[in-house]
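> give me the fold of what follows.
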Amino acid sequence: MRTFTTTSNSIGRIKQVYKVTYPNGKIYVGMDLIGNCIYFGSPSPAAKQRINEDLAHCRKDITVRKEILWESTTASDAEVRAKENELIVATGANNPPIGYNMVPRFTE
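Numbers count the residues shown, from 1 in each chain. Next comes the predicted model:
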């Protein structure tokens, strides 16, 4: 069994905001405060239920894409959270037909 570890590099941790695209084309935008390439987010329980229901047909063979939208080695955690919210809205990830983010709430 392999063990994966994440370490800080010489310039500090790489904080990221990423977009996950599921086989149905819907997206989830999240953040990672340490730059772990195998981290795919922690959707809310309601979002997880929607994802599971939408993807029930492909449970045995699924390909998911993770794309880094933004990263920084100098941003504070609060700045990363703000950028995550900005990109959730910019990508439409909080619009139910487009994505799985539940927060911030979508308004037309």
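> name the helices or strands packed onto the longest helix along the chain?
Longest helix in the chain, counting residues (DSSP state H): helix 77-91. For helix 77-91, the packing partners by 3 or more CB pairs under 8 Å, 6 or more residues apart in numbering; DSSP states H and E come out as strand 15-21, strand 27-32, strand 65-72. Every residue, glycine included, has its C-beta placed from N, CA and C.
> in this protein, where is pLDDT below threshold?
Along the chain, the parts satisfying pLDDT under 70 run over 1-12.
> alpha carbons only: can I get the longest helix of the chain in CSV?
Taking C-alpha atoms only, helix 77-91 is exported to CSV below (Å, rounded to 0.1, in the frame of the first residue of the first chain):
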residue,chain,number,x,y,z
ASP,A,77,-6.7,31.4,4.3
ALA,A,78,-9.3,34.1,4.3
GLU,A,79,-8.1,35.4,0.9
VAL,A,80,-8.4,31.8,-0.4
ARG,A,81,-11.9,31.5,0.9
ALA,A,82,-12.9,34.8,-0.7
LYS,A,83,-11.4,33.7,-4.0
GLU,A,84,-13.3,30.4,-3.8
ASN,A,85,-16.6,32.2,-3.3
GLU,A,86,-15.7,34.6,-6.2
LEU,A,87,-15.0,31.7,-8.5
ILE,A,88,-18.1,29.7,-7.4
VAL,A,89,-20.2,32.6,-8.6
ALA,A,90,-18.1,33.3,-11.7
THR,A,91,-18.3,29.7,-12.9
